[in-house]
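Colleague: no sequence on this one, just coordinates:
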């Protein structure tokens, strides 16, 4: 039985079912409120969800039973007395050390919890970066949306911010360094691109790098895959350098990205036409898969809408569970459809078709 | 003391719809409400000390702001704005 946690514009939906067969909605929480992310921490069984009320601001809640009472977590706020307020939490990611959970938010902030998500504090190492005043927000805000722990090593952590690029820590988040060399922001002037390509770019050269999503290959942790704002990239050295791998895709623009945990050469993307036309190309919904680390890409669309389908899939709305040939993949659209593959993308079916706009999706 | 009224989820967080609260300004009253009911912290006033964008505060039926004076017996109403989609 697979559990899907679906964050939507109108609340959290919990669906359960067997891959390849219909799923049932088993719970709904935060009715009417935007839920931007929800995840079950497999270590504790605890569910964590973030809800951003348009009236009352962003909060994190947790529970052991999604149909029961949710407790509001403490400390999900920026330092008081400053000139900024927390706008939204974009992602919640269990860490490697016992009880450690991370959350990323806007404005480019990383929160840490050491008690499984009940209380949180701002990671000061990233918050106090000298270049922070120059960080530029993307269209969705200055969102820290990707958090990639290093399997087996709680000190090593990589995060990505739209549009302040990739940041890496080797000391549990006390200090951070940029990890952006090789990224080419085609939407910025040539002068900026030239600066970024220097062996030692100026400190503020990469403040406008619009990373859309980042995933680590668990079996080879130094390998990262990235969907950029125009470009798909791979790094084989923990983000020190990046190589463009989007050749062969119908478009290298998109938001989400997923990997097969068993195969470090695997990645999945869902291309959209372009930044000025954020829908599936040619009216066809297709997932593209690489099994050779981006050297080639293959469409995976059997069972997905193949005509008159102009969908948008947001950066957190593509996920998987399991691995290898049994890898289950799921994605949701801003038009409320939810699609599932029980066989690593080979075949697909519709899990739900009338949900509110899907913001985020996790599976367990 | 002012009489502060809250609606929606704030009722549960504050333990009821109406509260007698000390304070000489709107922000002072709201801070005192937070002190008496910590669960409401962060829901009306953000980290900057500002009333959240989509919350309106009325004093005796007139729209107020953080610095609006509040006197003994004044009615302070905290209302979610008309917004959404």
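Modeller: Yep, that arrived. Computed from a predicted model, the values in this text were never measured in an experiment.
Colleague: is residue A:294 in contact with residue A:245, as I believe?
Modeller: Yes: the pair residue A:294 / residue A:245 is scored as a contact, 2.7 Å apart, by C-beta atoms under 8 Å. For glycine as for every other residue, the C-beta is placed from the backbone atoms N, C-alpha and C.
Colleague: okay, and the common contacts of those two?
Modeller: By C-beta atoms under 8 Å, 6 or more residues apart in numbering or on different chains, residue A:294 and residue A:245 have these common neighbours: A:232, A:234.
Colleague: can you name the residue of the stretch 151-300 of chain A nearest chain B?
Modeller: The minimum distance from the stretch 151-300 of chain A to chain B, using C-beta to the nearest C-beta, falls at residue A:278 (18.4 Å).
Colleague: that residue and residue B:62, how far apart?
Modeller: Relative to residue B:62, residue A:278 is positioned 44 Å away (C-beta to C-beta, to the nearest Å).
Colleague: those two: which has the busier surroundings?
Modeller: Ranked by neighbour count (other C-beta atoms under 10 Å in any protein chain shown), residue A:278 and residue B:62 place residue A:278 first, with 18 against 7.
Colleague: give the contact list for the more buried one.
Modeller: Neighbouring residues of residue A:278 by C-beta under 8 Å, 6+ apart: A:253, A:272, A:312.
Colleague: for the residue of the stretch 151-300 of chain A closest to chain B, give me phi and psi.
Modeller: Per-residue torsions, residue A:278: phi -90, psi 60 (degrees, to the nearest 10).
Colleague: repeat that for residue B:11.
Modeller: For residue B:11, the backbone dihedrals (degrees, to the nearest 10) come out as phi -60, psi -50.
Colleague: that one and residue B:19 touch, don't they?
Modeller: No: the pair residue B:11 / residue B:19 is not scored as a contact, 10.2 Å apart, by C-beta under 8 Å.
Colleague: biggest helix in chain B, by residue count?
Modeller: Assignment by DSSP state H gives helix B:26-36 as the longest helix of chain B.
Colleague: is any part of that helix close to chain A?
Modeller: No: using C-beta under 8 Å from any C-beta of the partner chain, helix B:26-36 stays clear of chain A, with a minimum separation of 11.3 Å.
Colleague: helix or strand right after that helix?
Modeller: Per DSSP states H and E, helix B:26-36 leads on to strand B:55-59 as the next helix or strand towards the C-terminus.
Colleague: the helix or strand following that next one pairs with which strands, and in what direction?
Modeller: Next along the chain after strand B:55-59, taking DSSP H and E as the criterion, comes strand B:62-64. Partner strands and pairing direction for strand B:62-64 (DSSP bridges) are strand B:55-59 (antiparallel).
Colleague: tell me the mean pLDDT over the strand it pairs with?
Modeller: The average pLDDT within strand B:55-59 is 97.
Colleague: okay, the angle between that strand and helix B:26-36?
Modeller: For strand B:55-59 against helix B:26-36, the angle by axes from the mean of the first three to the mean of the last three C-alpha atoms, to 10 degrees is 110 degrees.
Colleague: residues in contact with the longest helix of chain B?
Modeller: Taking contacts as C-beta under 8 Å, 6+ apart, the residues outside helix B:26-36 that touch it are B:2, B:4, B:14, B:19, B:21-23, B:40-41, B:44-45, B:49, B:51, B:57, B:59, B:64-68, B:70, B:76, B:78.
Colleague: could you do stretch A:330-342 as well?
Modeller: Outside stretch A:330-342, the residues within contact range by C-beta under 8 Å, 6+ apart are A:4, A:6, A:8, A:15, A:19-20, A:23, A:256, A:270, A:285, A:287, A:300, A:303-304, A:311-314, A:317-320, A:326, A:328-329, A:347-358, A:361, A:363.
Colleague: is any residue of stretch A:47-67 near chain B?
Modeller: Yes: for stretch A:47-67, a contact with chain B is found by C-beta under 8 Å from any C-beta, at A:54-57, A:59.
Colleague: what does stretch A:352-363 give?
Modeller: No: for stretch A:352-363, no contact with chain B is found by C-beta under 8 Å from any C-beta; the gap never falls below 9.9 Å.
Colleague: spell out which parts of chain B neighbour chain A.
Modeller: With the criterion set to C-beta under 8 Å from any C-beta, chain B comes near chain A through B:8-10, B:39, B:42-44, B:46-50, B:52, B:54-55, B:80-81, B:83-85.
Colleague: mind doing that once more with 7 Å?
Modeller: B:42-43, B:46-48, B:52, B:54-55, B:80, B:83-84 (C-beta under 7 Å from any C-beta of the partner chain).
Colleague: state the mean pLDDT of stretch A:118-134.
Modeller: Rounded mean pLDDT across stretch A:118-134 is 96.
Colleague: now list the buried members of the contacts of helix B:26-36.
Modeller: Using 16 or more other C-beta atoms under 10 Å in any protein chain shown as the burial test, those include B:2, B:4, B:14, B:19, B:21, B:23, B:40-41, B:44-45, B:51, B:57, B:59, B:64, B:68, B:70, B:76, B:78 as buried.
Colleague: the helices in chain A, which residues?
Modeller: Here chain A has its helices, by DSSP H, at A:124-127, A:190-196.
Colleague: point out the most buried one among those.
Modeller: Ranked by mean neighbour count under mean count of other C-beta atoms under 10 Å in any protein chain shown, the helices of chain A are led by helix A:124-127, which reaches a mean of 17.
Colleague: now do that one: distance to the chain's middle.
Modeller: Here helix A:124-127 is found 20 Å from its chain centre; the criterion is C-alpha atoms, centre = their mean, to the nearest Å.
Colleague: burial measure for residue 1, as a count.
Modeller: The chain I'm using is chain A. Applying other C-beta under 10 Å, we find 8 residues neighbouring residue A:1.
Colleague: was after chain B, sorry
Modeller: Close neighbours of residue B:1, defined as other C-beta under 10 Å, add up to 15.
Colleague: same check, this time on residue A:79
Modeller: Neighbour number of residue A:79 under other C-beta under 10 Å is 12.
Colleague: now do the same contact list for it.
Modeller: A:122, B:47 (C-beta atoms under 7 Å, 6 or more residues apart in numbering or on different chains).
Colleague: now stretch B:39-58: how far from the chain's centre is it?
Modeller: Distance, centroid of stretch B:39-58 to centroid of chain: 8 Å (C-alpha atoms, centre = their mean).
Colleague: measure that stretch end to end?
Modeller: End-to-end distance of stretch B:39-58: 22 Å, with C-alpha to C-alpha, to the nearest Å as the criterion.
Colleague: still on that earlier bit, format the helices of chain A as TSV; extra columns: distance to residue A:265.
Modeller: Formatted as TSV, the helices of chain A follow (distance: least, C-beta to C-beta, whole Å):
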stretch	distance to residue A:265
helix A:124-127	31
helix A:190-196	27
